[in-house]
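Student: Any chance you could fold what I've pasted below:
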Amino acid sequence: MTAAIDFETLPYRPCVGIMVLNAEGHVWVGRRLSEVNGEMSGAVALWQMPQGGIDAGEDPLAAARRELYEETGMKTVALLGESDGWIDYDLPPHLVGVALKGRYRGQTQKWFAF
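Tutor: Below is the predicted model of the structure:
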């Protein structure tokens, strides 16, 4: 028997979200690939803007630039702005203990626009 996960004791995963705009103001979104036996296994048509975790001791802007490069290959971007604060969200109850490697209740995100 597996012990129940106490949602209230789980932390938020610190991460960054990235919005990339072109000269015409179009927003870049990418289609997420589903990994075999991954937390999104079997999901189709998942589209999202780049985002990812902040490493221990890493500056959020540096994390945004790193994640953008890792996920898209984009390097040459100019910072247009960033969110004033952090935005928290909770996972849907059926994904707590499954998504985000089961270690988080959701994410706290700092957003950047390039």
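
Student: got any ranges where this structure has weak pLDDT?
Tutor: Counting by pLDDT under 70, the chain contains low-confidence residues at 1-4, 34-35, 37-45.

Student: Ala64: neighbour count?
Tutor: Look at Ala64: counted by other Cβ atoms under 10 Å, it has 28 neighbours. (Each C-beta comes from the backbone N, C-alpha and C, glycine too.)

Student: Double-check that it belongs to a strand.
Tutor: No. Using DSSP: H, G, I helix; E, B strand; the rest coil, the assignment for Ala64 is helix, not a strand.

Student: isn't Tyr69 right next to Thr76, touching?
Tutor: No. Counting by Cβ atoms under 8 Å, Tyr69 sits too far from Thr76 to count as a contact (10.1 Å).

Student: Please identify which of the two sits among more neighbours.
Tutor: Ranked by neighbour count (other Cβ under 10 Å), Tyr69 and Thr76 place Tyr69 first, with 13 against 5.

Student: separation between the more buried one and Lys75?
Tutor: 6 Å (Cβ to Cβ, to the nearest Å).

Student: and if you look at Trp47?
Tutor: Trp47 is 22 Å from Lys75, by Cβ to Cβ.

Student: In contact with the closest residue to Gly106 other than its chain neighbours: list those residues for me.
Tutor: In this structure, Gly106 finds its nearest non-sequential neighbour in Asp90, 4.1 Å apart by Cβ to Cβ, 6 or more residues apart in numbering. When contacts are counted by Cβ atoms under 8 Å, 6 or more residues apart in numbering, Asp90 touches Phe7, Arg105, Gly106.

Student: distance of Asp90 from Val29?
Tutor: For Asp90, the distance to Val29 (Cβ to Cβ) stands at 23 Å.

Student: which residues of the chain fall in helices?
Tutor: 60-72 (DSSP state H).

Student: Name whatever forms a beta bridge with the residue nearest to Leu61 when sequence neighbours are not counted.
Tutor: Among residues not flanking Leu61 along the chain, Phe112 sits closest, at 6.6 Å (Cβ to Cβ, 6+ apart). When bridges are called by DSSP bridges, Phe112 pairs up with Ile18, Glu82.
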